[in-house]
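Asks: my questions are about this predicted structure, shown below with the sequence.
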Amino acid sequence: DVHSQQRWFYMGHGGEMSVDQAHRGYTVAQDGKGFASVNPLFWKPARDALTREFTGQRCYGYLSFEAFVDAAAACNAGRAAPEDYDGVLPT
């Protein structure tokens with residue numbers, strides 16, 4: 001398996017999420033929707049060597065979420081339409 005446990009776990013009001021850095025993936029379980037292994041190979045919870053602050057914002061999992069949120073905000077503000085993002089956003 002792996003030499004260390006590198007996990008992050010969140011339990012919320014309608015489900016839970018588990019991020020497993022060692023296996024490069026994450027799982028989601030939601031009430032009424034079941035269990036899913038979503039977008040493996042997406043996360044790198046790195047810290048800056050000097051400041052020790054989180055620097056995972058440049059990993060593709062974070063960038064995927066950021067691009068989706070930016071697109072949703074543009075659509076909600078009327079600056080774009082959902083079809084403008086066909087074939088553009090990460091899947």
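Replies: Thanks, I have it. These numbers come from a predicted model, not from an experiment.

Asks: count of residues packed around Tyr26?
Replies: Tyr26 sits with 21 neighbouring residues when counted by other C-beta atoms under 10 Å. For the C-beta atoms, the positions are set from N, CA and C on the backbone; glycine is no exception.

Asks: for the one helix or strand Tyr26 maps to, which helices and strands make contact with it?
Replies: Taking DSSP states H and E as the criterion, Tyr26 maps to strand 25-30. If contacts are counted by 3 or more C-beta pairs under 8 Å, 6 or more residues apart in numbering; DSSP states H and E, strand 25-30 sits against strand 15-20, strand 34-38.

Asks: below-threshold pLDDT in the chain: ranges please.
Replies: 1-5, 21-24, 39-46, 55-61, 90-91 (pLDDT under 70).

Asks: now the angle from the helix or strand where Phe65 lies to strand 15-20?
Replies: Assigned by DSSP H and E, Phe65 belongs to helix 60-76. Using axes from the mean of the first three to the mean of the last three C-alpha atoms, to 10 degrees, the inter-axis angle of helix 60-76 relative to strand 15-20 is 140 degrees.

Asks: coming back round to it: can you list the helices and strands packed on strand 25-30 in CSV and add distance to Gln6 and mean neighbour count?
Replies: Output for these, formatted as CSV (distance: least, C-beta to C-beta, whole Å; neighbours: other C-beta atoms under 10 Å):
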stretch, distance to Gln6, mean neighbour count
strand 15-20, 7, 16
strand 34-38, 17, 11
